[in-house]
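In: Mind looking at a prediction? Sequence and model below.
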Amino acid sequence: MKTTPAVERFIDVLVALLSLAALWLVWNAPASYLDARPVYQGF
Amino acid sequence: MRPAFSSARSAAAFALLLLVLLLLPVLAGNSWLPAREQSYAALSWGSAPFPWIRNQIFEETNALDIAFLGSSHILHAINTPYVEAKLGEKLGRPAVVRTLGWGGAGYDALYFIARDLLAHRRVRLLVFYDENPGGGLRNNLASVWFRWGDGAPALSGLPMTEKSLFYFAAIVGMPRNLLCLVRPNLPAPLVSDPPNEWERHYGSASVVKLLGATRSKLGFNYDTMADSFTPFTPFTPRTAATPADVEVYSPAEKNDFVFSRTALPAWQVHFARKLAELARTNGCQLVMLQLPVLADAPAQAITERACWPEVFQADLPLVGIPPAKLFAGLTDEQLHWLFTNGAHFNQNGMDYFTTLITPALITLYENHTGR
């Protein structure tokens, strides 16, 4: 794929923005949302 | 430093992957979601009594006289067959009383599961408790019961940071939802021999026979980091407490309710009011039950985090019994015989509490139904 520097810059910015968005969602979420254990670990 | 990507093409592919993953809940909308029933069918008995909840919401169709709904405290507090028998005696016909309880607190879970229940079954009296007595705890199964396609409208009015939590939960849940589309989950058996994981863990009789309740045959667990239950001691408290000690809050009458009036998180107020609105539109009477915890045993007052009828902006009877009356005369050792930990009754506590609270619940049922 032949790209111009402007397109490469655009892709870099897009990757950065999307990564930041994903990181922010993970950072903002309670740890329990990422608890993938199938069995509840007691009350 | 080596570049993160070997070419512009691989960088673009990564960006596209991230974009699709992040937008998946929106792209799937409502059309690429499995039936709502699959959210419950995907959970095993190891997660909580979800196979029972699925059965009660999506298979049973008759009206419920009383439904006890909520997370673990209420699941372990009400001897449901006892309430059903007593209500049936009063009504002169078989009553239908069920408990639908799960693990992990949250007004959000309470609202979304109540919404599923009320969409499928008529409920005359819905009894719940303060889902977040410990503060801002979040339900760890949000990615299961919340889906962007059919849940987003319920978030209207919440701050953006709150909405983003649910959006993230929807992203986490998307692989499971898409898999359910390709290969639906079969419901777990309701009764099994040997008993299912849930019943084994708590030494409880069949959840089905208990109409959804969990009746723990476990002693007190002093270890806050692990399940190390002491042996169970059968015990029936002999106290002076009677059903007449149960109080229903009324701002016009003198009673023992005390409200701490600390500011509640916006999301709890939001879902509390959503629940009130849901109940109103479905002709269902809400009742809030104050569930005692061990630390409050000497308290003369029934302490709540808020004046709940004001928070819910609804006709919400608030029912409780002053802990000092409930536990009067019990030694510290006997108190511990009623609980599995600081906040959950075992079967001793469940049976004792249920016999005291049931007459008040039946009276509220009669007031609501005009019987």
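Out: In hand now; what should we look at? Numbers count the residues shown, from 1 in each chain, chains lettered A, B, ... in the order given.

In: In chain A, where is pLDDT below threshold?
Out: Chain A contains residues with pLDDT under 70 at A:1, A:35-43.

In: Could you pull out the helices in it for me?
Out: Assigned by DSSP state H, the helices in chain A fall at A:5-28.

In: So which residue is smack in the middle of it?
Out: The C-alpha lying nearest the average C-alpha coordinate of chain A belongs to residue A:22 (C-alpha atoms, centre = their mean; 2.4 Å).

In: just checking, that one touches residue B:19?
Out: No - taking contacts as C-beta atoms under 8 Å, residue A:22 lies outside contact range of residue B:19: 10.1 Å. Bear in mind the C-beta positions are built from the backbone N, C-alpha and C, glycine included.

In: can you pull the contacts of the residue nearest to the centre of chain A?
Out: Neighbour list for residue A:22: B:18, B:21-22 [criterion: C-beta atoms under 8 Å, 6 or more residues apart in numbering or on different chains].

In: Please list which of these also come close to chain A.
Out: Filtering the contacts of residue A:22 for proximity to chain A by C-beta under 8 Å from any C-beta of the partner chain leaves B:18, B:21-22.

In: Columns secondary structure on top of those, output as a markdown table?
Out: Putting these into a markdown table (DSSP: H, G, I helix; E, B strand; the rest coil) gives the following:
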| residue | secondary structure |
| --- | --- |
| B:18 | helix |
| B:21 | helix |
| B:22 | helix |
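
In: List just the nearest of those residues to residue B:59.
Out: Of all these, residue B:59 sits closest to residue B:21, with 34.3 Å by C-beta to C-beta.

In: nearest spatial neighbour of the closest one, skipping sequence neighbours?
Out: What sits nearest to residue B:21 in space, not counting adjacent residues and going by C-beta to C-beta, 6 or more residues apart in numbering or on different chains, is residue B:171, at 6.8 Å.

In: sec struct for the one you found, please.
Out: helix.

In: Which residue would be the closest one in the stretch 251-371 of chain B to chain A?
Out: The stretch 251-371 of chain B approaches chain A most closely through residue B:344 (5.9 Å), counting by C-beta to the nearest C-beta.

In: phi, psi of the residue positioned nearest the centre of chain B?
Out: By C-alpha atoms, centre = their mean, chain B has its centre lying nearest to residue B:70, at 1.4 Å. With angles defined as degrees, to the nearest 10, residue B:70 sits at phi 150, psi -170.

In: If you drop the residues flanking it in sequence, what lies closest to it?
Out: Distances taken as C-beta to C-beta, 6+ apart place residue B:128 nearest to residue B:70, at 4.7 Å, with adjacent residues excluded.

In: Could you list the contact residues of the stretch 1-150 of chain B toward chain A?
Out: B:4-5, B:7-9, B:11-12, B:14-15, B:18-19, B:21-22, B:44, B:46-48, B:72, B:76, B:103-104, B:138-140, B:142-143.

In: List buried members of those residues by neighbour count.
Out: Among the residues of the stretch 1-150 of chain B next to chain A, the ones that count as buried by 16 or more other C-beta atoms under 10 Å in any protein chain shown are B:5, B:8, B:11-12, B:14-15, B:18-19, B:22, B:44, B:47-48, B:72, B:76, B:103-104, B:138-140, B:142-143.

In: Next one, pLDDT for residue B:363 please.
Out: pLDDT, residue B:363: 97.

In: Check which helix or strand it maps to.
Out: helix B:347-369 (DSSP states H and E).

In: list the helices and strands that helix packs on?
Out: strand B:64-70, helix B:80-91, strand B:123-129, strand B:285-289, strand B:318-320 (3 or more C-beta pairs under 8 Å, 6 or more residues apart in numbering or on different chains; DSSP states H and E).

In: any idea which of these is most buried?
Out: The highest mean neighbour count among the helices and strands packed on helix B:347-369, using mean count of other C-beta atoms under 10 Å in any protein chain shown, belongs to strand B:64-70: a mean of 26.
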